[in-house]
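Undergrad: Attaching a predicted model along with its sequence, questions to come.
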Amino acid sequence: MSFDKLNIIDPILKALKHEGYVTPTSIQEKAIPLLLEGKDLLGCAQTGTGKTAAFAIPIMQGLYNENKPASKGPKKIQALILSPTRELATQIGDSFSTYGRYLGLKNLVIFGGISQKPQVEALTRGIDILVATPGRLLDLINQKYIDLHNVKYFVLDEADFMLDMGFIRDVKKIIALLPIKKQSMLFSATMPEEISKLVDTILINPSKVAVTAVSSTVDMIEQYIYFVNKGNKRALLTHLLNNKNIVSALVFSRTKHGANNIAKHLIKAGIPSEAIHSNKSQTARQLALNNFKTKKTRVLVATDIAARGIDIDELSHVFNFDLPEVPETYVHRIGRTGRAGLGGIALSFCDNEEKKLLAEIQKLISKSIPIVDNHPFPLVVEESTEVKAIPQKAINSRPNSRNFTGRNRQK
C-alpha cells in the first residue's frame, strides 16, 4: 500500500514525496484511517515504528480541512502533544514541520532547561500545534502564557516512559485542563497497570493498534553475545571499534558515571566519542547528538533515558556494554538500529554476574542469541564458581569478526 491510498490530502502527500516516503509503516497504515475518521486511538508501538507520522498526519489534515476564517488576534492552540524528553519533543516538532510544509500551520516545541523567553514570544504570536514536555508546559500554564481550552487533538506519547520518569502526576494535571470534547491518542511501548488505568481516563471507546510487540525484535537486526570479564569490557569494545566498517555506534551504559568513563577510554584510544545522559546540560546533549548525526562523532555512549530521544535512521551498530536489568529494555535498545525498515547489528557484552539477565532477555524474545567465542577477551571464571549454562540452541556456524562487524546495512 502507498500513502496515496490512505485518503491523505495532496499538500501532505506532496511533503511526503519530497521526503522520499512512499510506503507507510504498519502503524501508519493501521492508525491513519482510524484517526481520519475521528476515533480515539490506543497505540502499542515502540520508537522507530513511524508512530509520529501516524498521529501527526491526521492531526494536520484535520486542522487544515476545517479551514475556518482566521479570527482576530493570534492563533490559538488546537493540538497538544505531550512528550517525556526534550529530544523526543524536538523530533516530533521537526516531523510536524516536515509533513506540514505546505499547510501553513504553525507548531512550537517547548521544554525546560533553557530560557523561556523565545518560547513565550512564539506563544504570544500564536500557534496551531504545541509539542511540550510536562514540566515546562505546567510552568507556562501557571504563568498564564498557555490556554488549553481550544485543544481539539491531544496526544500522550511514550506513556510508559512518562511513568518511568515520574511524570504521570503532571500528566494527570494537564489532562484535567483539557476540554472534554477532543480527539485523543495514547502511545506506549508497554502497558503497565498504571498506564492501563490512565487509558480509561483519556480515551473514549478507542480503536487499538499494536505493532512490533515488545517480546519480539526486528528480524533484520543481527544479534550476538560476547562473554567477557567485567574488567575487560572496555578493552573488548575498543578492539571491536577499531574495525572501521563500524560507521556509527550507540553504546549503552547502565550508569551515567559508566558512560563518562567509557567515552573517556575510547577517546584516549583515538576513537571519537561522546557521552550523553541526564546530568549533561541541554546544550551539551544537543551538541553531542548533532555531532553524532553529522558523523563528527563516531560513537555515542548513552544511558537508557538519554537514548530514548535518539532518532538516527542510519545507525549501523548498537552495543550493550552493560546488559539491562529489565529485559524489555533490551528490545528498545537494539531497536535503535532497526529503524525505517533498515537492518542493523546489536552486540552485547555479558560478564558472569549478568548471565541471569541474559537468560531473562532470551526468554522474553523466545530465541537464543548467537555467541561469539573467538575474541581476544574471553570470560574467565574461577573453578570454584559454579556456572549454570544458559540455554542455547545448536548454532551450526559461529560468526567471525568480518561477517558481523563489516556487513553493509540493507537499504
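TA: On my side now, so go ahead.
Undergrad: quick one, domains of this protein?
TA: 3-210, 221-405 (automatic domain parsing).
Undergrad: Tabulate the ones you listed (a markdown table), appending mean neighbour count and mean pLDDT.
TA: All C-beta spots, glycine's among them, are computed from the backbone N, C-alpha and C. Below are the domains of the chain laid out as a markdown table (neighbours: other Cβ atoms under 10 Å; pLDDT from 0 to 100):
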| stretch | mean neighbour count | mean pLDDT |
| --- | --- | --- |
| domain 3-210 | 18 | 91 |
| domain 221-405 | 18 | 82 |
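Undergrad: ok, for Ala159, nearest residue in space, not its chain neighbours?
TA: Among residues not flanking Ala159 along the chain, Ser188 sits closest, at 3.9 Å (Cβ to Cβ, 6 or more residues apart in numbering).
Undergrad: Show me the beta-bridge partners of the one you found.
TA: Beta-bridge pairing for Ser188 (DSSP bridges): Cys44.
Undergrad: how close does it sit to Lys152?
TA: With distances taken as Cβ to Cβ, to the nearest Å, Ser188 is found 22 Å from Lys152.
Undergrad: go on, Ile262?
TA: Distance from Ile262 to Lys152, by Cβ to Cβ: 46 Å.
Undergrad: and what of Pro84?
TA: Per Cβ to Cβ, Pro84 is found 23 Å from Lys152.
Undergrad: ok, now Gly270?
TA: Counting by Cβ to Cβ, the gap from Gly270 to Lys152 is 54 Å.
Undergrad: Check Val372 too.
TA: For Val372, the distance to Lys152 - Cβ to Cβ - is 53 Å.
Undergrad: so what's Glu19 up against?
TA: Thr98 (Cβ atoms under 8 Å, 6 or more residues apart in numbering).
Undergrad: picking that back up, is it true that the residue nearest to Ala159 touches Val155?
TA: No: using Cβ atoms under 8 Å, Ser188 is not in contact with Val155; the gap is 11.7 Å.
Undergrad: Name the secondary structure element that contains the residue nearest to Ile371 when sequence neighbours are not counted.
TA: Closest residue to Ile371 in three dimensions, ignoring its sequence neighbours and counting by Cβ to Cβ, 6+ apart: Ile225, at 5.4 Å. Ile225 belongs to strand 221-227 when assigned by DSSP states H and E.
Undergrad: now that strand, how far from the centre of its chain.
TA: 21 Å (Cα atoms, centre = their mean, to the nearest Å).
Undergrad: now the helices for the stretch 101-250 of the chain?
TA: 117-125, 134-142, 159-164, 168-176, 193-202, 233-241 (DSSP state H, counting those that start in this stretch).
Undergrad: Output the contacting helices and strands for the helix with the most length in the chain.
TA: Using DSSP state H to assign secondary structure, the helix with the most residues in the chain is helix 51-66. Counting contacts by 3 or more Cβ pairs under 8 Å, 6 or more residues apart in numbering; DSSP states H and E, helix 51-66 is packed against helix 10-18, helix 26-36, strand 41-44, strand 79-82, helix 86-99, strand 129-132, strand 153-156, strand 183-188.
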